[in-house]
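J.: Sequence first, predicted coordinates after that:
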Amino acid sequence: MNELESRLHYPLGDTLPAPGTTLDVAPGVKWIRMALPFALDHINLWLLRDEIDGRQGWSVVDCCISNDSAKAQWEQIFANELDGLPVLRVIVTHMHPDHIGLAYWLCEKWQAPLWISATDFNMARIGSQIANGFGGDSAALFFASHGLNDPDSIDQIKGRASYFSTLVPAVPRQFRRMMDGDTLHIGGLAWQCISGYGHAPEHISLYCDALHVLIGGDMMLPRISTNVSVFDVEPEANPLKLFLSSIDKFRPLPEDTLTLPAHGKPFTGLHERIQQLHDHHRDRLVEVLQACGEKACSAADVVPVLFKRKLDMHQMTFAMGESVAHLHALWFEGKLKRLRDASGIYRFSAA
């Protein structure tokens, strides 16, 4: 446990739900943990005891990527963890593959509606239906314009054209929209929708005041900082500013709120974690500003400033997106200026 993490409290200690099982974390709230084939090797999913139109059952929050292992674990859960009751709805916090990948399968299997923000629904549909939706040539050109232009990297990024659709082969045709400030009535309890930006187009977290429980999705993680990136589909975005203002929307919640993150363990210490994330990005911005003060930097130049470890290409695409995000935050503030050099690479220097 690192020093920052030691300031948080983990009510369940090191206890984790075994594959294909659940763990009770609050009345009517069950925790599921499924493996992911990435460096970030798991995702947390949630079951909420529910009743809709007089039918008893469960709401699912987030789904895992689409693969046979995840489906097999879900089948175990259906058989052993639902008390013989059906899934009544599928709630997805946002459109990233580990959250929405199996939504189509769950919705179809249970004839259950999908609940998600409109923005993320439509972005997921685009990504799953068209070739080169998120990746491929467009992404390779974007990253090359920010300095990741060696032939091997370009070839690898071009080869990721079907990355999203492989993990999210389909998205349900219909959905029920969730918006900031909406209240979902789940099992007789009120859950407030809290929108978040900077990590996904329109992420929705859920807070239940009666339970003092926040389902934070990817907006509030205990051990790592959520990926905040600029990508080719919105090349002049300023997501870091959006992310930091979004997490401040959690400040009014009680300090003893039990936060259920998409990755890591349930924790308390929400206000402490919000401040830690602000401090983390403040410090990284200082480092980036210093580097650009010494010489004009591309995002590729900034990657080793922000990330001290060796990165595979999957991690490198996120690292590049984060580097552009930090450069853009300083550029939009007027602390950096941006020029495109003769080779077509954006370089940032002190304003």
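T.: Received it, and whenever you're ready, just let me know what you need. Residues are numbered from 1 along each chain as shown.

J.: can you pull out the strands in the stretch 51-200 of the chain?
T.: 55-61, 87-91, 114-116, 176-177, 183-186, 189-196 (DSSP state E, counting those that start in this stretch).

J.: Out of those strands, which is closest to Ala124?
T.: strand 114-116 (7.9 Å; C-beta to C-beta). For the C-beta atoms, the positions are set from N, CA and C on the backbone; glycine is no exception.

J.: circling back to that earlier point, in CSV: the strands of the stretch 51-200 of the chain, plus mean neighbour count.
T.: Shown next, in CSV, are the strands of the stretch 51-200 of the chain (neighbours: other C-beta atoms under 10 Å):
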stretch, mean neighbour count
strand 55-61, 21
strand 87-91, 24
strand 114-116, 24
strand 176-177, 14
strand 183-186, 16
strand 189-196, 20
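
J.: Export these to a markdown table and append columns for distance to Leu242 and mean pLDDT.
T.: Putting those into a markdown table (distance: least, C-beta to C-beta, whole Å; pLDDT from 0 to 100) gives the following:
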| stretch | distance to Leu242 | mean pLDDT |
| --- | --- | --- |
| strand 55-61 | 23 | 98 |
| strand 87-91 | 22 | 98 |
| strand 114-116 | 19 | 99 |
| strand 176-177 | 20 | 98 |
| strand 183-186 | 24 | 98 |
| strand 189-196 | 8 | 98 |
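
J.: got these as TSV, with distance to Arg273 columns?
T.: TSV is the format used below for these (distance: least, C-beta to C-beta, whole Å):
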stretch	distance to Arg273
strand 55-61	20
strand 87-91	23
strand 114-116	25
strand 176-177	29
strand 183-186	24
strand 189-196	14
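
J.: Nearest to Ala161 among those strands would be which one?
T.: Between these, strand 114-116 lies closest to Ala161; by C-beta to C-beta that is 24.4 Å.

J.: Show me how far that closest one is from its chain's centre.
T.: Its chain's C-alpha centre and that of strand 114-116 lie 16 Å apart, by C-alpha atoms, centre = their mean, to the nearest Å.

J.: for stretch 258-276, same thing?
T.: 14 Å.

J.: Could you tell me the end-to-end distance of it?
T.: With C-alpha to C-alpha, to the nearest Å as the measure, stretch 258-276 spans 17 Å from end to end.

J.: Now do the buried residues in it.
T.: 258-270, 273-274, 276 (16 or more other C-beta atoms under 10 Å).

J.: returning to what we had before: list just the one of the strands of the stretch 51-200 of the chain that sits closest to Ala237.
T.: Smallest distance to Ala237 across the strands of the stretch 51-200 of the chain (C-beta to C-beta): 14.8 Å, for strand 189-196.

J.: Confirm that Arg273 sits in a strand.
T.: No: judged by DSSP: H, G, I helix; E, B strand; the rest coil, Arg273 forms no part of a strand; its state is helix.

J.: Would you confirm that it contacts Pro261?
T.: No: taking contacts as C-beta atoms under 8 Å, Arg273 lies outside contact range of Pro261: 9.4 Å.

J.: what touches both of the two?
T.: 220, 222, 267 (C-beta atoms under 8 Å, 6 or more residues apart in numbering).

J.: Which one of the buried residues of stretch 258-276 is nearest to Ile157?
T.: His263 (24.2 Å).

J.: Can you classify that closest one as helix, strand or coil?
T.: coil.

J.: follow-up on the earlier one: out of the strands of the stretch 51-200 of the chain, which comes closest to Met123?
T.: Per C-beta to C-beta, nearest to Met123 of the strands of the stretch 51-200 of the chain: strand 114-116, 10.1 Å.

J.: ok, the closest residue to Gly181 other than its chain neighbours - contacts?
T.: Once flanking residues are discounted, Gly181 sits nearest to Cys193: 6.5 Å by C-beta to C-beta, 6 or more residues apart in numbering. Applying C-beta under 8 Å, 6+ apart to Cys193 gives the contacts 178-184, 204-206.

J.: how about those, which pair is most distant?
T.: For the contacts of Cys193, and using C-beta to C-beta, no pair is farther apart than Thr183 and Ser205, which are 13.4 Å apart.

J.: Which parts of the protein are helices?
T.: Taking DSSP state H, the helices of the chain run over residues 68-80, 97-100, 103-110, 118-129, 136-145, 151-158, 163-167, 239-247, 270-294, 299-306, 313-332.

J.: Just name the most buried of the ones you listed.
T.: helix 97-100 (a mean of 27; mean count of other C-beta atoms under 10 Å).

J.: any idea how far it is from the chain center?
T.: Helix 97-100 sits 9 Å away from the centroid of its parent chain (C-alpha atoms, centre = their mean).

J.: Tabulate the CA atom coordinates of that helix in PDB.
T.: Backbone C-alpha positions of helix 97-100 (Å, rounded to 0.1, in the frame of the first residue of the first chain) are rendered in PDB as follows:
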ATOM      1  CA  PRO A  97     -15.400  -1.700 -23.500                       C
ATOM      2  CA  ASP A  98     -14.900  -3.100 -20.000                       C
ATOM      3  CA  HIS A  99     -18.200  -1.400 -19.000                       C
ATOM      4  CA  ILE A 100     -20.500  -1.900 -22.000                       C
END
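
J.: In the stretch 201-350 of the chain, where is pLDDT below threshold?
T.: For the stretch 201-350 of the chain, no stretch has pLDDT under 70.

J.: for the residue most central in space within the chain, phi and psi?
T.: Most central in the chain under C-alpha atoms, centre = their mean is Asp218, positioned 3.8 Å from the mean C-alpha point. Phi and psi for Asp218, reported as degrees, to the nearest 10, are phi -100, psi 0.
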